[in-house]
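Peer 1: kindly return the folded structure for what I paste below:
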Amino acid sequence: MSEMTLRRAHVSDHGTIVERVRHWWGDSRTPVQARELSLLLPRLFLQFFAGTSLVLEDDDGIKAFLVGFHAADNDHEAYIHFVGVAPELRGQGVGRRLYTAFFERAAEAGRREVHSITSPMNTGSVAFHRAMGFTLEEGDREVNGFPVHGDYDGPGQHRVCFRRHLAIQPS
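Peer 2: You can find the predicted model right below:
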């Protein structure tokens, strides 16, 4: 395997990223479920947030990505919306590399905290976020042993909400 290069995302990455989501999650979901998951990444995320989104690639193409953005309504928050890592690279620090780069860039832009969410059933994601220094926000109920915000993404779509404080970068 060749060395992976980190770069900002481009609108032209959209089709490849959607295909990767459908393929990479195909081992844990039906094709219909993997397609539905890919719908969480409409083109608009790369049209308007490519500058804050990241791609890791090698000579064979995209191996991992992070779609994130800085809050438009305040100047101190950022949000990680969706992250994908090729199954054969999971557990090798690739996700950590993406998150760390996002944290550094957000801090350089004056952001003081990063938010993210996941399903309470995705225990691997909860563990990863905790390992990356996120804390779980208090919720209005508990699901699968985690505090969740009920109906966060619609009826029955409860979510674990995370927050991570960033070190402020000197200007």
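Peer 1: where's residue 134 relative to residue 117, distance?
Peer 2: Distance of residue 134 to residue 117, given as CB to CB, to the nearest Å: 10 Å. All C-beta atoms are positioned from the backbone trio N, CA, C, and that covers glycine.
Peer 1: over to residue 61?
Peer 2: 28 Å.
Peer 1: so for these two, which residue has more residues nearby?
Peer 2: residue 117 (19 against 11; other CB atoms under 10 Å).
Peer 1: what number of residues are in the vicinity of residue 139?
Peer 2: Residue 139: 18 neighbours (other CB under 10 Å).
Peer 1: not counting its neighbours along the chain, what's nearest residue 48?
Peer 2: residue 69 (7.6 Å; CB to CB, 6 or more residues apart in numbering).
Peer 1: so who does residue 5 touch?
Peer 2: 56, 57, 58 (CB atoms under 8 Å, 6 or more residues apart in numbering).
Peer 1: try 10 Å
Peer 2: Taking CB atoms under 10 Å, 6 or more residues apart in numbering as the criterion, residue 5 is in contact with 55, 56, 57, 58, 59, 63.
Peer 1: burial measure for residue 129, as a count.
Peer 2: So residue 129, with other CB under 10 Å, has 22 neighbours.
Peer 1: low-confidence ranges in the chain?
Peer 2: The chain contains residues with pLDDT under 70 at 1, 169-171.
Peer 1: which residues in it form helices?
Peer 2: Per DSSP state H, the chain carries helices over the ranges 14-24, 31-38, 44-49, 94-108, 123-131.
Peer 1: show me the contacts for the residue lying closest to residue 9 once chain neighbours are set aside.
Peer 2: Leaving aside its sequence neighbours, residue 9 sits nearest to residue 53 (CB to CB, 6+ apart; 3.8 Å). If you count contacts by CB under 10 Å, 6+ apart, residue 53 has them with 8-10, 13, 17, 45-46, 65-69, 80-82, 98, 102.
Peer 1: now which of the residues you listed would you call buried?
Peer 2: Neighbour counting with 16 or more other CB atoms under 10 Å marks 9, 13, 17, 45-46, 65-69, 80-82, 98, 102 as buried within the contacts of residue 53.
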